[in-house]
Structure formats: structure tokens, C-alpha cells
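A.B. asks: take a look and give me a structure for this.
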Amino acid sequence: MAKVVEFLKESYVEMTQKVTWPTWGELQSSAILVLVSSLIIALCIFAMDKGSVFVLDTFYKSLSN
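C.D. replies: Presented below is the predicted three-dimensional model:
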């Protein structure tokens, strides 16, 4: 039990004194970057999905004629 208490104390000291936390502005900038990147990746995946559906539909329609 003493090891657990010591671990918690050391963790608290590390989180409050040794960790460099981002400022509010840095946090907002990072969040915006993640949002924009996620939207770009989602649009790329959407375009690839629609493209593959179009190609497969065209291929299957050409086989049925």
C-alpha cells in the first residue's frame, strides 16, 4: 500500500511541477488544426468512396448489358 501512496504523491508532483501545460491559445490552435485535418481526411475518404462506387456501378452495368 505504501508503494501506491508513494506513486500517487510522485505523480502529483510531476503533474504540477514538471509538466509543461499548453496555454489556452496553444490549446485552441491545436484543436483547430485537428478539426481542419479531420475534415480534410473525411472529405478525402468521402471522395474515394464515391469514386469507387461510381467505378463499380459503371463496371457492373457494363457487364449486365
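A.B. asks: can you list the low-confidence ranges for the protein?
C.D. replies: Residue ranges of the chain with pLDDT under 70: 65.
A.B. asks: helices along that one, start to end?
C.D. replies: Shown for the chain, the helices assigned by DSSP state H span residues 2-13, 24-64.
A.B. asks: make JSON lines out of those helices and add mean neighbour count.
C.D. replies: Every C-beta, even on glycine, is put in place using the N, C-alpha and C of the backbone. Shown next, in JSON lines, are the helices of the chain (neighbours: other Cβ atoms under 10 Å):
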{"stretch": "helix 2-13", "mean neighbour count": "9"}
{"stretch": "helix 24-64", "mean neighbour count": "10"}
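A.B. asks: where's Ile41 relative to Lys9, distance?
C.D. replies: Distance of Ile41 to Lys9, computed by Cβ to Cβ, to the nearest Å: 42 Å.
A.B. asks: before we move on, what about Ser38?
C.D. replies: Distance, Ser38 to Lys9, by Cβ to Cβ: 38 Å.
A.B. asks: and if you look at Ile32?
C.D. replies: Using Cβ to Cβ, we find Ile32 at a distance of 37 Å from Lys9.
A.B. asks: same deal with Lys50?
C.D. replies: 55 Å.
A.B. asks: cool, Ser62 as well?
C.D. replies: In this structure, Ser62 and Lys9 are 71 Å apart, going by Cβ to Cβ.
A.B. asks: equivalent analysis for Glu26, please.
C.D. replies: When distance is defined by Cβ to Cβ, Glu26 is 29 Å away from Lys9.
A.B. asks: same check, this time on Leu33
C.D. replies: Taken as Cβ to Cβ, the span from Leu33 to Lys9 is 35 Å.
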